[in-house]
Every structure is written in C-alpha cells, then in structure tokens.
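1. How does the following fold in three dimensions:
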Amino acid sequence: MARARSKLSAGTVILDSEGLSKWCAADQRVTAIVREAQSNDFRVVVSALTPIEAFDSRVTNDRLRWYLSRLRVEPVTEEVSVHALELLRQNGLHGHKYAIDAVVVATALRSTGPVIILTSDEDDMRKLCGKAVRLVTV
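-> Model (predicted):
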C-alpha cells in the first residue's frame, strides 16, 4: 500500500540547469537525490528559466517534457524578478552573467524550507544566497 503524502511540503529541492541536465541524463547521484526528496515529501522544483538554460538538442522534447512533468516549474513572476534584481544589486553582480542564477536563488528563497539547490556552480550560487540555502554540488 502506498504511503499517504502529506498536504504540506517538508522542504524544497531546486535543480539548476546542471541539476536538471544530469537528471534528464539519468545521472545516478542526481536521480537518487530527487527520488529521496520526493519520497520524503520535498517539492522538487525548477525555475521556468532553467529548462531554457539547460536545453540540449540531443535530448528529445518528449524526454524533457517527461522529466519536467515530475517537477514543479515555478514561474518567473514580477516579484521573483524584483527579488533577483535586488540580489544582484546587493552583491554587486552583473545580470549578464548571473541573471538566471539570481532567478533560481530568488525562487529558492521564496520556497518552503529547508531548501536545497542542486548545482554545479556552488561559488556563484553562494555569492547570491549566502548561507540561507543549502547547496549540493552535482
């Protein structure tokens, strides 16, 4: 018998572009983290910008849609955009290089905690979120 899922999330795991790419490529470590998170009632999330950044023409649209259907795709609202701009401003960073990372972090900071970001870019993410979010390098 399947375990009943709680109505409230126990936390949130956010995939950045490398996290999503590795999940779509069936990377064992990322797949294990996502499965464990989901089985422990964590929401697994990507920003709406993440699939665009992670786009790889070698991955079929059907495969990408299948993986995305198992995640919560968070929209980039005006509120998220303003928060991302503030993160860039506070940290003296330029949007050209850090825009999508700032949106991912702004999304993370609005999510139910504890929040974990799966990323290959721990240094850049740390600049934006400090210690407010746990970073796991993938």
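2. where does the chain have low pLDDT?
-> Confidence mapping of the chain against pLDDT under 70 gives the ranges 1-8.
3. List the buried residues in the helix or strand harbouring L64.
-> Element membership of L64 [criterion: DSSP states H and E] is helix 61-68. Residues of helix 61-68 classed as buried by neighbour count (16 or more other CB atoms under 10 Å): L64, Y67, L68. The way it works is simple: take the backbone N, C-alpha and C, and place the C-beta from them, glycine included.
4. who does the lengthiest helix in the chain touch, helix- and strand-wise?
-> Ranked by residue count under DSSP state H, the longest helix found in the chain is helix 95-109. Using 3 or more CB pairs under 8 Å, 6 or more residues apart in numbering; DSSP states H and E as the contact criterion, the secondary-structure elements in contact with helix 95-109 are strand 11-15, strand 42-47, helix 50-54, helix 78-90, strand 115-119, helix 122-129.
5. Identify whichever of the ones you listed lies nearest to V104.
-> Distances from V104 to each of the helices and strands packed on helix 95-109 were compared using CB to CB; the minimum, 5.2 Å, belongs to strand 42-47.
6. Show me the contact partners of that closest one.
-> Among residues not part of strand 42-47, those counted as contacts by CB atoms under 8 Å, 6 or more residues apart in numbering are 9-15, 20, 34, 37-38, 68, 70-74, 76, 80, 100, 103-104, 107, 111-112, 116.
7. if you set the cut-off to 6 Å instead, what comes out?
-> 9-15, 20, 34, 37-38, 71-74, 103-104, 107 (CB atoms under 6 Å, 6 or more residues apart in numbering).
8. what's the answer for stretch 55-70, then?
-> Outside stretch 55-70, the residues within contact range by CB under 6 Å, 6+ apart are C24.
9. Off-centre distance for that stretch?
-> Centroid separation between stretch 55-70 and its chain, computed with CA atoms, centre = their mean, to the nearest Å, is 16 Å.
10. now swap in stretch 67-78 and tell me
-> The gap between where stretch 67-78 is centred and where its chain is centred comes out at 9 Å by CA atoms, centre = their mean.
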